[in-house]
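> Any chance you can model this:
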Amino acid sequence: MQAVLRNEFFTLTVDTLGAEAVSLKNAAGEEVLWQADPEVWPRHAPILFPWTGELPQSSYSHKGKTYHVVKQGFARDVEHTLVRVDEHEIVLELRSSPELKETWFPFEFVLTSMFRLEGKTIHHTLTVENPGQEELRFGIGFHPAFNIPFDDCHTTEDYEFRFDQPESPVIIDARPHGLLSGRCYYKWKNTEKIQLTDELFSNDSFCMAGLRTKTLGIYEKDTGRHIVCNVEGFPYKLIWSALAKPVRFVCIEPWHSLPSAENDPQEWNERAAAVCLAPGKRWSTTLSTTVER
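Now for the predicted structure:
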């Protein structure tokens with residue numbers, strides 16, 4: 001099932017499968033979001049919950065039981081309930097169930113996903129509640145993909161990522177299997193720009209830490225058209241694209257947690273989490289994306 005929000009600038013379509021935004025068209029009918037070509041990358045803008053990235057051996061244990069799981073969490077692959085859609089917002093909800101607790105995640109939770117249009121900005125708020133009797137530990141992140149180039153007159157080299165101030169991001173290494181290696185390095189120093197090339201992501205994504213910037217965006221250099229994410233408050237910011245030449249899309253991914261490390265223990269409660277939520281508590285985060293194109 002799909003729900004639609006409209007204003008004078010954009011039409012946003014959200015699918016109940018994964019609570020995923022699957023289309024964002026401007027007033028001219030041009031598509032902003034990647035359209036999930038299965039030959040390149042079969043998603044649009046998935047939400048990552050209750051973990052981000054890979055887990056060692058694609059599994060973890062809790063109270064003596066081992067759970068075999070999928071990369072980036074299961075929230076992107078299951079149906080969410082459409083709670084409300086009106087002229088202002090779309091609200092969806094995913095609750096723990098006997099099936100989810102048996103197969104993937106043995107904890108009580110409520111994940112609410114709310115979309116709202118405000119002028120040329122799309123606000124996506126994720127709220128997690130703990131209705132259970134034990135601590136709820138989880139990771140969470142956003143993963144939107146944006147079409148590149150913006151039109152047929154531009155190519156990959158016409159685009160660059162921009163911070164709002166000079167940055168020397170610490171790159172957290174997770175090569176070659178998507179698990180943290182324990183290594184960090186610098187690729188860029190004292191720069192406000194990262195040039196997009198068809199080879200930039202030949203070794204996968206860049207997970208950046210230590211940034212002061214409040215915004216991270218992809219810009220068309222000659223026109224100034226852009227897509228900018230407010231990443232303030234997110235400890236990790238990733239940029240990525242699938243291996244396709246020329247580049248077909250770019251992802252700007254603000255995360256509150258990291259993939260697991262190669263040597264992490266199997267026990268879930270011994271792994272790092274974005275949030276350790278006590279019973280009865282709730283937590284939320286918002287990704288706001290402004291589109292000028």
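
> Just the pLDDT for Ala244.
Note on Ala244: pLDDT of 89.

> again with the one 10 residues further on
The predicted local confidence for Pro254 comes out at a pLDDT of 98.

> Now do the strands for the stretch 51-200 of the chain: every range, in order, please.
Ranges of strands in the stretch 51-200 of the chain, per DSSP state E, counting those that start in this stretch, are 59-62, 65-68, 81-85, 89-95, 110-118, 121-129, 136-138, 141-142, 145-147, 159-167, 170-172, 184-186, 191-195.

> Dig out what the residue nearest to Asn269 when sequence neighbours are not counted forms beta bridges with.
Take Asn269 and drop its neighbours on the chain: the residue closest to it by CB to CB, 6 or more residues apart in numbering is Arg137, 6.4 Å away. C-betas here are computed from N, CA, C, even on glycine. Judged by DSSP bridges, the bridge partners of Arg137 are Cys276.

> for Arg137, what are its contacts?
107, 268-269, 271, 273, 275-277 (CB atoms under 8 Å, 6 or more residues apart in numbering).

> about what we covered before: looking at the strands of the stretch 51-200 of the chain, which is closest to Glu232?
Comparison of the strands of the stretch 51-200 of the chain against Glu232 by CB to CB identifies strand 159-167 as nearest, at 9.8 Å.

> Would you list the strands that the closest one pairs with, along with their directions?
Using DSSP bridges, the strands paired with strand 159-167 are strand 191-195 (antiparallel), strand 215-220 (antiparallel).

> out of those strands, deepest packed?
Mean neighbour count (mean count of other CB atoms under 10 Å) peaks for strand 215-220 among the strands paired with strand 159-167, with a mean of 21.

> Give me the contact list for that one.
146, 148-150, 154, 158-164, 196, 225-232, 237, 239, 250, 252, 254, 293.

> what about the residue with the largest distance to the centre of the chain, distance to Pro106?
Of all residues in the chain, Gly64 has its C-alpha farthest from the mean position, at 30.8 Å, by CA atoms, centre = their mean. Separation of Gly64 from Pro106 (CB to CB, to the nearest Å) stands at 11 Å.

> what residues do those two have in common as contacts?
Here Gly64 and Pro106 share no contacting residue, scored by CB under 8 Å, 6+ apart.

> by contact count, what packs against the strand ranked longest in the chain?
Scanning the chain for the strand with the most residues, using DSSP state E, yields strand 282-292. With contacts defined as 3 or more CB pairs under 8 Å, 6 or more residues apart in numbering; DSSP states H and E, strand 282-292 has these neighbours: strand 121-129, strand 226-230.

> any chance of those in TSV, plus mean neighbour count?
Below are the helices and strands packed on strand 282-292 laid out as TSV (neighbours: other CB atoms under 10 Å):
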stretch	mean neighbour count
strand 121-129	19
strand 226-230	21
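
> Using CSV, lay out those together with mean pLDDT and distance to Leu24.
Below are the helices and strands packed on strand 282-292 laid out as CSV (pLDDT from 0 to 100; distance: least, CB to CB, whole Å):
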stretch, mean pLDDT, distance to Leu24
strand 121-129, 98, 7
strand 226-230, 98, 10
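
> Take those and write them to TSV, including distance to Pro246.
As requested, the helices and strands packed on strand 282-292 are exported to TSV (distance: least, CB to CB, whole Å):
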stretch	distance to Pro246
strand 121-129	26
strand 226-230	18
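
> Of all these, which one is nearest Pro176?
Closest approach to Pro176 among those (CB to CB): strand 226-230, 27.3 Å.

> Render the CA-only coordinates of that closest one in CSV, please.
Taking Å, rounded to 0.1, in the frame of the first residue of the first chain, the C-alpha atoms of strand 226-230 are listed here in CSV:
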residue,chain,number,x,y,z
HIS,A,226,21.4,20.7,-4.7
ILE,A,227,20.0,18.1,-2.2
VAL,A,228,21.1,18.9,1.3
CYS,A,229,20.6,16.8,4.5
ASN,A,230,20.6,18.3,7.9
